[in-house]
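In: Based on what follows, work out the 3D shape:
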Amino acid sequence: MKEASRGNRPSPVRTLYLMLCGRLPLESETGLFIMASTLDVVMTYLLVNKSSTGNHTWFVESNPFARYFWESWGFDGLVFFKFALVALVSIICQIIARQKIEVARRVLYFATLMVTSVVIYSVVLMVQHS
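Out: Coordinates of the predicted model:
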């Protein structure tokens, strides 16, 4: 594929080609972030559904935006909202990685750490209230 470049950077067409047909930078870091986010969705579902049985409500979604999607469209809306955010963070990190891969790697590690801390907190809440 012939490409035009700007300085040392490949053209946007070449970058799109590599993204669609080749390996993306930071695949393992992005995979960890997606896995942690999936666990967050599962724990949220388990906590909110478990707490809604009986007369008591123990847990609610504390994020007001996520709660809006949960209350308006149910679990499907919550999954859409959370994974739209995952996609947004992943795309932003891929864009950053084109220029500064270490910065993008740190952003993904930070995001994964934050989501993992929420998952751990959810597990602690579930153990305490079971």
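In: Report the central residue of this structure.
Out: The centre of the chain sits closest to residue 86, judged by Cα atoms, centre = their mean, with a distance of 2.8 Å.
In: Return the residues in contact with the closest residue to that one other than its chain neighbours.
Out: The shortest distance from residue 86 to any non-neighbouring residue, by Cβ to Cβ, 6 or more residues apart in numbering, is to residue 37 (4.7 Å). Just so you know, the C-beta spots here come from the backbone N, C-alpha and C atoms, and that holds for glycine as well. Residue 37 is in contact with 82-83, 85-86, 115, counting by Cβ atoms under 8 Å, 6 or more residues apart in numbering.
In: so how far is residue 42 from residue 13?
Out: Separation of residue 13 from residue 42 (Cβ to Cβ, to the nearest Å): 39 Å.
In: what do you get for residue 86?
Out: 14 Å.
In: Could you do residue 96 as well?
Out: 28 Å.
In: in which helix or strand would I find residue 61?
Out: Under the criterion DSSP states H and E, no helix or strand holds residue 61.
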